[in-house]
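Peer 1: sequence and predicted model, in that order:
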Amino acid sequence: MDLIAKERDRLLQRTARIYGLSFTVVSLMCLSIPGAVDRLSYFACIPLYIAIGICQWRVASSRSLVWVGIPVAAGLSVILVVTIGGTQPPGAAGVSAVEQLAAASIASAAITLTGSTLRRVLLGIAFITVTVTTTLTLAPVQSPTHSLAVCVLGWTLSTIVGFWISAGVPQAARRIASIGRAHRAERQASETEAQRRQGARLLHDTVLATLTLLAHSGVGVAPEALREQAADDARLLRQLRLGATPTPQSSGVYNLENVEETVLGTTLESVKQRFGRMGLEVSWHGTGQVLLPSDVLDAFLLALAECLENVRRHSGVTEAHVTITDDETTVRAMITDAGVGFTLDDVDSARLGFKESVVARLKEVGGKARLFSSPGSGTTVVLEVPK
Amino acid sequence: MSYAPPEENTLGVIFGRGRRREADATRRVIRAATPRRSSLGTGFIGIGAAVVVALRSIYGFAMFLGLIGSNAYPSPAPALAAWVVLLLTMAVTFITARVIGDHLPDWAFGLFLAGLAITVALDFVAIWPLHDIGRLATAASTAGFALIGAITLRRTGDILIATGVLGAILAVAMIVNTTPSVDNIAAQVSVFAFTILPPIIGVTIITGFRRLVQIELDRVLVQSTVSAPRFAVGMMASEELARLDLAAEELLDSVSTGKTKLPLDPKTASVAASLATELRLHLIEGRRETWLYHAITESDLLGKSVTLTDRASLAGLLDPQQRDGLLSMAWLLVSDTSKRGPSTTVGLVVGPAAASADPGQGRKITIPIVVTTTGVARNRVDPGTWEAIRKVGQYSDSTHNSSLRVAIDCLVDNPADQ
């Protein structure tokens, strides 16, 4: 199925319609001038013109040869009626009408008759029939050379239009296809680049935290600390822009090499410092020397930071405890606060961003999260990721 | 680096330009890929137009020679001059356009029109005493046809205006110069029609051709979504993320260097808030959309009339062939009927998924896709549409509110097995 071939046919058919119809109208105007033909012949021609008009209108929406054949037959009939059917030879206006019909109006059929061998054969037959008929029947009133020249010109022009459009469309299609290929490559590149940027989660996590502080005009945080953090984050973003995928691993010195496994402790320290600047004191308990693959670590830290952010925003206390434990298969973090707590059923967990930021990300690396809370007795979140 | 607010928000509005449509992105890509329209086939059409004009000129010149042969002109010199000017004008314009690269700058188009005007004037000078413009105008009539030579090189409006002016001049000259009689009025009508109709027809052809190219381009660009992963980002996603990252970087940088004073003024603070929101949305929401969503929003044609309901993002599970079928179907339904006004709409409802009832199908799942339409009569649907639907899956069609409704059962691999 070739969509552009369909479009091409439609274009050819529309062209045939406007081409044919406009000259049919002009021809009828000429025929209506007094003295063009005798009255009887004139009225005999009217229905034929109407038939031609209707078919030429229909040709735009249907590829059927009927709408091409009828105008040619009806046009030939008009030519015969005007030239030899009347009681007297046609006047100058009658000759003009015949010329326009033969060389332009029904010649418009050529535009749609270029598509297949059968159509081309029909085109040849129609051209020869119309030209011979016109030249012979007009011979008593006009020189055959002139009639012949007009017919040949008219049919040649419309045939060229038909062939040229048919040939031009595949050319355009080839160029468009090559643009399409380039576009596909660009889409893939865009996809890869977006993945790279979205993949820099830990980086965006700290940037987002800083932006959130700035969104509150930086109130409540020491300006010096905020400035320092902004400088760090700006540097990370610059590195991302220049092509690296920075993964902040400690607060002071950024190690930008992509290591497969990272010690959890140093990274936890950066999270702690960040929340410290925002006014939430985080106490670490348990082991700090756990090695995790970097993607698992990313998800784990992100989920952890998200939980601490919830504590900071909702709990009403300024202290949180994080206990890290690990066994052969799993690393576990327990985040507890002694804040206001809430009824799990009352608060939509989606509102806390819990489902998206915490559960979904842990699930991606094979981990899970559980949430325990009740009003007045604080909140505990348990995060688990596989080692 | 000092911080300047972004010109435009990546989620939509801001600064007066109204909601940014993703189609703009497509258009930008096209513009980048094709500096000139003519490289998309109109150059070839332009050569065809030149051939047609040349043929018509030969015919006109033969008529002119015939008139000289029968001693029709009191003095043939102005008519001959008209022909010389006309042929020169056409040749120079054709060569100029080829050399410059398939377009005609204003000055060259001006020269072209001036040449045509001089042609018409000289021809009228030659035949004015004879009082029968219709029968004797040769170069002047061919000048109208010559406008076809410029249809691919200029905007259609320019050609239509030039044609209108020429038609008006011709009509006025005929009325002033030629006393209408039964004998000569038909010749006036014919010459008038043969002078102004060809460029008008040419303009409709070229308009249709450009539209065809536009539609095909739109389709081909969207077609690239067929090979996209299950969840994809749109064409602009990375650019938008990059822009947000850069904006954040500049803001943070200006805070760290002290150019932006702490605490922040409310305006900068709200910029930071919106940056954070946008960044968060782009990072988290980015991959919720399937190729089908992107295809529909990135296409000018589909975007206008196709609505998609795919809560579970199941369209992402379709294999490339099924995607191709689904896209072609939407395309055929919309483009076939686009002429009949905006009443044509296509609604695609994907899901919910069900386990395959047929045990022979192994561990595949069935995704039901329901296509509802308005303004698409069952008997006017292109046969190619059914072929496209068959690529997607087994279907049954019915008519609802005198418009087509198709239910397709689409078999896909179970994502749990992958």
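Peer 2: Thanks, I have it.
Peer 1: residues contacting the closest residue to chain A within chain B?
Peer 2: Across chain B, the shortest distance to chain A (CB to the nearest CB) belongs to B:Gly41, at 2.9 Å. C-betas here are computed from N, CA, C, even on glycine. Contacts for B:Gly41 (CB atoms under 8 Å, 6 or more residues apart in numbering or on different chains) come out as A:168-169, A:171-172, A:175, B:209, B:213.
Peer 1: which two among those residues are spaced furthest apart?
Peer 2: Using CB to CB, the pair of those lying farthest apart is A:Arg175 and B:Phe209, separated by 13.2 Å.
Peer 1: so which of the two has more stuff around it?
Peer 2: The neighbour comparison of A:Arg175 against B:Phe209 (other CB atoms under 10 Å in any protein chain shown) goes to B:Phe209, with 24 against 18.
Peer 1: you'd agree the more buried one is up against A:Ile165?
Peer 2: Yes - under the criterion of CB atoms under 8 Å, B:Phe209 makes contact with A:Ile165 at 6.9 Å.
Peer 1: quick check: helices, which of the contacts of B:Gly41 are part of them?
Peer 2: Counting by DSSP state H, the contacts of B:Gly41 place A:168-169, A:171-172, A:175, B:209, B:213 in helices.
Peer 1: what subset of these is buried?
Peer 2: By neighbour count, with 16 or more other CB atoms under 10 Å in any protein chain shown, the ones in helices among the contacts of B:Gly41 hold A:168-169, A:172, A:175, B:209, B:213 as buried.
Peer 1: in a markdown table, list those along with pLDDT and distance to B:Gly134.
Peer 2: Listed next are these as a markdown table, based on pLDDT from 0 to 100; distance: CB to CB, whole Å:
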| residue | pLDDT | distance to B:Gly134 |
| --- | --- | --- |
| A:Gly168 | 87 | 34 |
| A:Val169 | 87 | 37 |
| A:Ala172 | 85 | 39 |
| A:Arg175 | 84 | 44 |
| B:Phe209 | 89 | 32 |
| B:Val213 | 86 | 39 |
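Peer 1: show me which of those residues is closest to B:Lys391.
Peer 2: A:Val169 (24.3 Å).
Peer 1: with adjacent residues omitted, what lies nearest to that closest one?
Peer 2: Using CB to CB, 6 or more residues apart in numbering or on different chains and skipping residues adjacent in sequence, the residue nearest A:Val169 is A:Arg8, 4.1 Å away.
Peer 1: do you know the pLDDT at the one you found?
Peer 2: pLDDT recorded at A:Arg8 is 88.
Peer 1: B:Leu264 too?
Peer 2: Confidence at B:Leu264, expressed as pLDDT, is 77.
Peer 1: next, the closest residue in space to it that isn't next to it in sequence: secondary structure please.
Peer 2: With CB to CB, 6+ apart as the criterion, B:Leu264 has its nearest non-adjacent residue at 4.3 Å, and that residue is A:Ser217. The assignment at A:Ser217 comes out as coil when based on DSSP: H, G, I helix; E, B strand; the rest coil.
Peer 1: A:Arg10 too?
Peer 2: Under three-state DSSP, the three-state class of A:Arg10 is helix.
Peer 1: doesn't B:Asp397 belong to a strand?
Peer 2: Yes - membership of B:Asp397 in a strand is supported by three-state DSSP.
Peer 1: B:Ser190 versus that one, what's the distance?
Peer 2: Separation of B:Asp397 from B:Ser190 (CB to CB, to the nearest Å): 52 Å.
Peer 1: then A:Arg58?
Peer 2: Distance of A:Arg58 to B:Ser190, given as CB to CB: 26 Å.
Peer 1: can you check A:Val221 too?
Peer 2: The value you get for A:Val221 to B:Ser190, if CB to CB is used, is 87 Å.
Peer 1: neighbour-wise, which of these two wins?
Peer 2: B:Ser190 (25 against 21).
Peer 1: just the element for the more buried one, please.
Peer 2: Using DSSP states H and E, B:Ser190 sits in helix B:185-223.
Peer 1: residue contacts, the residue in the stretch 1-150 of chain A that chain B sits nearest to?
Peer 2: Per CB to the nearest CB, A:Ala93 is where the stretch 1-150 of chain A lies closest to chain B, at 3.5 Å. Residues in contact with A:Ala93 (CB under 8 Å, 6+ apart) are A:30-31, A:33, A:35-36, B:182, B:185-186.
Peer 1: the strand or helix carrying it vs helix B:185-223, what angle?
Peer 2: Using DSSP H and E, A:Ala93 sits within helix A:92-100. Inter-element angle recorded for helix A:92-100 and helix B:185-223: 20 degrees (by axes from the mean of the first three to the mean of the last three CA atoms, to 10 degrees).
Peer 1: now do helix A:92-100: distance to the chain's middle.
Peer 2: 52 Å (CA atoms, centre = their mean, to the nearest Å).
Peer 1: C-terminal to it, what's the next element?
Peer 2: helix A:109-112.
Peer 1: output the helix or strand containing A:Asp232 as PDB, nothing but the C-alphas.
Peer 2: Here A:Asp232, judged by DSSP H and E, is contained in helix A:223-241. Output of helix A:223-241 as PDB, limited to C-alpha atoms (Å, rounded to 0.1, in the frame of the first residue of the first chain):
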ATOM      1  CA  PRO A 223      23.600  32.000  53.100                       C
ATOM      2  CA  GLU A 224      27.200  30.800  53.100                       C
ATOM      3  CA  ALA A 225      26.100  27.100  53.200                       C
ATOM      4  CA  LEU A 226      23.500  27.700  50.400                       C
ATOM      5  CA  ARG A 227      26.000  29.500  48.200                       C
ATOM      6  CA  GLU A 228      28.500  26.700  48.600                       C
ATOM      7  CA  GLN A 229      25.800  24.100  47.800                       C
ATOM      8  CA  ALA A 230      24.700  26.200  44.800                       C
ATOM      9  CA  ALA A 231      28.300  26.300  43.500                       C
ATOM     10  CA  ASP A 232      28.700  22.500  43.900                       C
ATOM     11  CA  ASP A 233      25.500  21.900  42.000                       C
ATOM     12  CA  ALA A 234      26.200  24.400  39.300                       C
ATOM     13  CA  ARG A 235      29.600  22.600  38.700                       C
ATOM     14  CA  LEU A 236      27.800  19.200  38.500                       C
ATOM     15  CA  LEU A 237      25.300  20.600  36.000                       C
ATOM     16  CA  ARG A 238      28.200  22.000  33.900                       C
ATOM     17  CA  GLN A 239      29.800  18.600  33.900                       C
ATOM     18  CA  LEU A 240      26.600  17.000  32.800                       C
ATOM     19  CA  ARG A 241      26.300  19.600  30.000                       C
END
